[in-house]
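Trainee: Have a look at this fold, sequence not included:
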């Protein structure tokens, strides 16, 4: 009998301890993960890209960046990471067998780090700020890829220009072109080589189309893609072509809204 009472006492004691432990655990967020604190994480790569605290002192800071990440933004950045991985595979085929300079190897290493860093960041992404951070990583990585190609071919490294306006996944723009959407005013926009050539020959550029619920629209016409667009273009707020788009009543679609840039 005494043994039975001892077992009951031990059971009650263990239940009390477990109850206290559970009450001290952090609440679980979506997907069963503890809510993520905004801002740089300990040991996170690309810490210079920072979180909301860093954006607070920059033009274009958007308090809405602290809002929960939309599924549209997650899907867009996930697709871009996949595309970026394919670009790295193609780069490897382009330079295989070539003797790369130390600078080219450094750029190549940075491009690979951008791929690993963006995948790691997506695993814990919970907010618009996270989406913007990952887009910045990919934008920088694509410039590194362009530098590797240039160095391998003996050309000067390209200017670090904004991504192609029609789809940031097209990579670094090579020039500003005059383009107007259907029924809209013409504006100067940064374009990749392929889209610049399409426009010169009278064809339509390859525009990133997204599902807005009522059909497919250019990404700049959907609010849900604002953090994604801001991540790619936010640092180029003073670029003349992008300022031309984001200022005034003749803006292209909703790009001014997506960028969240402030007038001087």
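Mentor: Everything's here; your move. Remember, it's a predicted structure, so these values are computed and weren't measured experimentally.
Trainee: Please enumerate the strands of the protein.
Mentor: For the chain, the strands defined by DSSP state E cover 175-179, 187-191, 209-211, 216-218.
Trainee: so which of those is the most packed in?
Mentor: Most buried of the strands of the chain by mean neighbour count (mean count of other C-beta atoms under 10 Å) is strand 187-191; its value is a mean of 24. Any C-beta I mention is one placed from the backbone N, CA and C, and that applies to glycine too.
Trainee: what's that strand packed up against?
Mentor: For strand 187-191, the packing partners by 3 or more C-beta pairs under 8 Å, 6 or more residues apart in numbering; DSSP states H and E come out as strand 175-179, helix 240-246.
Trainee: Okay, residue 197 and residue 106: tell me how far apart.
Mentor: In this view, residue 197 and residue 106 are 31 Å apart by C-beta to C-beta, to the nearest Å.
Trainee: what does the domain assignment say about the chain?
Mentor: 46-51+63-160, 168-259 (automatic domain parsing).
Trainee: With mean pLDDT and distance to residue 147 as added columns, please give the strands of the chain in TSV.
Mentor: Converted to TSV, the strands of the chain look like this (pLDDT from 0 to 100; distance: least, C-beta to C-beta, whole Å):
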stretch	mean pLDDT	distance to residue 147
strand 175-179	94	18
strand 187-191	92	18
strand 209-211	92	29
strand 216-218	92	29
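Trainee: Lowest average confidence across the domains of the chain, which one?
Mentor: Ranked by mean pLDDT, the domains of the chain end with domain 168-259 at the bottom, a mean of 85.
Trainee: Quick check: phi and psi on residue 173?
Mentor: Residue 173 adopts backbone torsions of phi -70, psi 160, taken as degrees, to the nearest 10.
Trainee: Contact partners for residue 119?
Mentor: Contact analysis of residue 119 by C-beta atoms under 8 Å, 6 or more residues apart in numbering lists residue 81.
Trainee: residues near residue 231, how many?
Mentor: 27 (other C-beta atoms under 10 Å).
Trainee: May I ask you to confirm that it is in contact with residue 130?
Mentor: No: taking contacts as C-beta atoms under 8 Å, residue 231 lies outside contact range of residue 130: 9.4 Å.
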